[in-house]
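Chemist: Model the following, please.
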Amino acid sequence: MLLKILRFFNLSNGEDDQDVVLENVKNNISFRGSNLWILACAIVIASIGLNVNSSAVVIGAMLISPLMSPIVGAGFSLGIYDFDLLKKSLRNLLNATLIGLIFSTVYFFLSPFKETQSELLSRTSPTIYDVMIAFFGGLVGVIAITRKEKGNPIPGVAIATALMPPLCTAGYGLSIGNFSYFFGALYLYTINCVFICISTYIIVKYLKYPSFQFIDEAQQKRIKYMITAVVLLLVIPSIYFAYKLLDEKKFNYKVDNFINVEFNSKGYAMVIKNIKTNTSPKKIEVAFLNKKFTNSEVKQLNKSLENYGISNAELIIKQDTTDIRNAILSEINMRESNINQKDVRISQLEKIISDNKYNNTTLFGEIKVLYPQIQSVSFSNHEFYQGTDSARVVPVMIYQSTQNLKAADAEKMTLWLQKRLNKKQVKVFAEIN
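Modeler: Now for the predicted structure:
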């Protein structure tokens with residue numbers, strides 16, 4: 001029974017010829033010619049996506065990036081003890097990393113938008129979950145590479161392991177001089193690279209790829225010790241960051257509960273809420289529009305923090321009118337900015353609707369004077385595809401008539417409609433009763 005179950009997990013089924021797989025891996029390692037161009041373009045696309053906070057653009061960059069190839073090459077070389085291939089893989093990975101940093105740094109330095117968007121911020125604090133994603137994503141990737149039928153996993157692996165975004169985020173950190181962002185993003189990039197490499201090594205050993213050269217047991221142990229040391233070096237800080245993230249989320253949840261019970265439920269209008277978790281004690285800064293607290297009330301509220309499970313924290317209630325006024329003005333300015341953006345968008349949409357809307361009743365009345373035999377008309381925009389990726393939108397008029405218009409009359413009507421609708425091209429079709 002156990003053997004039958006194990007057969008379901010047998011990776012030998014559907015495995016491609018090992019020499020062919022290894023040759024493909026070796027051929028894709030180098031960053032020259034087309035690979036270099038693709039890498040450079042992917043870096044710029046990813047940087048733009050991070051800059052404008054567009055997940056779709058970032059995903060597109062991850063799909064076209066060839067960064068994973070030298071990492072897989074390093075994993076294969078460790079698995080078969082081909083140290084020349086390992087040197088070549090690491091050299092190409094280093095070159096690709098430097099190119100990524102240079103291109104992304106230059107882009108963000110030249111970009112007028114320097115705000116730290118959520119897409120950028122999410123790549124600056126890696127956790128143990130990123131380690132797991134890189135490891136299991138790498139497993140899926142190398143399993144797909146060793147199959148005869150590659151299937152759909154490889155694009156998904158490119159998105160899940162996300163090599164390009166942290167590298168571009170490191171470039172962003174360099175461009176604005178924020179080394180916390182730089183080292184955090186570079187740490188995430190290193191995690192992804194190392195654990196994709198390790199998962200590749202594991203699958204190569206599991207599938208029993210033949211060794212490129214003989215090495216004794218002592219050398220094999222040294223390689224395993226080296227891999228173990230690198231794993232520990234990367235995993236331990238990521239566990240610490242994951243613990244900090246979990247602790248911060250728990251603290252924020254407790255603070256929200258405290259604020260809801262003690263302030264929101266009593267109808268106090270809050271204008272400032274600022275939680276600082278990187279200080280000791282942690283600080284909860286709040287201010288209210290229509291409520292003043294005495295010193296004794298503030299002390300009592302600080303004591304009640306313990307009742308909500310909030311320890312090592314200080315509640316600070318700002319009651320200076322200048323702080324409150326500035327906070328309100330900042331909120332108003334932000335909302336006005338959002339309203340202005342919405343007004344612009346509404347205006348753009350109204351123009352699009354206006355440009356694509358036709359008053360059939362008015363136009364029919366005018367056409368009826370010119371051509372009495374026409375009984376009804378209908379106008380709409382139609383998309384015409386001509387074997388390209390783009391479409392041509394042309395206004396189309398369909399008229400019903402007891403008899404077809406003469407060629408000269410139809411041409412005159414078309415020219416008149418072009419002037420009347422202010423369109424370069426109009427199509428006219430007849431529907432004879």
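
Chemist: My assumption is that Pro395 lies in a strand; please confirm.
Modeler: Yes: looking at Pro395 with DSSP: H, G, I helix; E, B strand; the rest coil, it is inside a strand.

Chemist: ok, now which ones touch it?
Modeler: Applying CB atoms under 8 Å, 6 or more residues apart in numbering, one finds that Pro395 lies in contact with 358, 379-382, 417, 421, 423, 425-427. All C-beta atoms are positioned from the backbone trio N, CA, C, and that covers glycine.

Chemist: can you redo those residues as JSON lines with secondary structure?
Modeler: Shown next, in JSON lines, are the contacts of Pro395 (three-state DSSP):
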{"residue": "Tyr358", "secondary structure": "coil"}
{"residue": "Phe379", "secondary structure": "strand"}
{"residue": "Ser380", "secondary structure": "strand"}
{"residue": "Asn381", "secondary structure": "strand"}
{"residue": "His382", "secondary structure": "strand"}
{"residue": "Leu417", "secondary structure": "helix"}
{"residue": "Leu421", "secondary structure": "helix"}
{"residue": "Lys423", "secondary structure": "coil"}
{"residue": "Gln425", "secondary structure": "coil"}
{"residue": "Val426", "secondary structure": "coil"}
{"residue": "Lys427", "secondary structure": "strand"}
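
Chemist: Okay, and Val271 sits in which element?
Modeler: For Val271, the element it lies in under DSSP states H and E is strand 270-276.

Chemist: just checking, what packs against the following helix or strand past that strand?
Modeler: Moving toward the C-terminus from strand 270-276, the next helix or strand (DSSP H and E) is strand 282-288. Under the contact criterion of 3 or more CB pairs under 8 Å, 6 or more residues apart in numbering; DSSP states H and E, strand 282-288 touches helix 217-262, strand 270-276, strand 313-318, helix 321-355.

Chemist: Residues contacting the third one, please?
Modeler: Residues from elsewhere that reach strand 313-318, judged by CB under 8 Å, 6+ apart: 251, 255, 272, 281-288, 293, 298, 301-302, 305, 324.

Chemist: Only whichever of these are buried, select them in ChimeraX.
Modeler: Command for ChimeraX, covering only those of the contacts of strand 313-318 found buried under the criterion 16 or more other CB atoms under 10 Å:
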select :251,255,272,282,284,286,287,288,293,301,302,305,324
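
Chemist: Domain parsing of this protein, as residue ranges.
Modeler: Here the domain parsing of the chain from automatic domain parsing is 9-214, 322-354, 360-432.

Chemist: and the longest one, how far from the chain's centre?
Modeler: Same thing as domain 9-214. Its chain's average C-alpha position is 15 Å from that of domain 9-214, according to CA atoms, centre = their mean, to the nearest Å.

Chemist: What mean pLDDT does it get?
Modeler: On average, the pLDDT along domain 9-214 is 83.

Chemist: ok, now stretch 305-318?
Modeler: Here stretch 305-318 scores 86 as its mean pLDDT.

Chemist: Ok, stretch 403-423 next?
Modeler: Here the average pLDDT along stretch 403-423 is 80.

Chemist: Output it as PDB - backbone C-alpha positions only.
Modeler: The C-alpha coordinates for stretch 403-423 follow below in PDB (Å, rounded to 0.1, in the frame of the first residue of the first chain):
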ATOM      1  CA  GLN A 403     -34.900  51.800 -52.000                       C
ATOM      2  CA  ASN A 404     -31.100  51.900 -52.000                       C
ATOM      3  CA  LEU A 405     -29.500  55.400 -52.400                       C
ATOM      4  CA  LYS A 406     -27.600  56.000 -55.600                       C
ATOM      5  CA  ALA A 407     -23.900  55.800 -55.500                       C
ATOM      6  CA  ALA A 408     -23.500  59.600 -55.800                       C
ATOM      7  CA  ASP A 409     -26.100  60.300 -53.100                       C
ATOM      8  CA  ALA A 410     -24.500  57.800 -50.800                       C
ATOM      9  CA  GLU A 411     -21.100  59.400 -51.300                       C
ATOM     10  CA  LYS A 412     -22.600  62.900 -50.600                       C
ATOM     11  CA  MET A 413     -24.200  61.600 -47.400                       C
ATOM     12  CA  THR A 414     -20.900  60.100 -46.200                       C
ATOM     13  CA  LEU A 415     -19.100  63.400 -46.800                       C
ATOM     14  CA  TRP A 416     -21.900  65.400 -45.100                       C
ATOM     15  CA  LEU A 417     -21.800  63.100 -42.000                       C
ATOM     16  CA  GLN A 418     -18.000  63.400 -41.800                       C
ATOM     17  CA  LYS A 419     -18.400  67.200 -41.600                       C
ATOM     18  CA  ARG A 420     -21.600  67.000 -39.400                       C
ATOM     19  CA  LEU A 421     -20.000  64.600 -36.800                       C
ATOM     20  CA  ASN A 422     -16.500  66.100 -37.100                       C
ATOM     21  CA  LYS A 423     -15.100  62.600 -37.900                       C
END
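
Chemist: Give the buried residues for that stretch.
Modeler: By neighbour count on 16+ other CB under 10 Å, the buried set for stretch 403-423 is 405, 410, 413, 417.

Chemist: Give me the distance from it to the chain's centre.
Modeler: For stretch 403-423, the distance to the chain centre is 50 Å (CA atoms, centre = their mean).

Chemist: Touching that stretch from outside, list them.
Modeler: By CB under 8 Å, 6+ apart, stretch 403-423 touches 358, 363, 366-367, 370-371, 373-374, 394-395, 397, 424-426, 428, 430, 432.

Chemist: rewinding a little: for the domains of the chain, which one ends up most surrounded?
Modeler: Sort these by mean neighbour count, taking mean count of other CB atoms under 10 Å, and domain 9-214 sits at the top with a mean of 19.

Chemist: Thanks a lot, see you next time.
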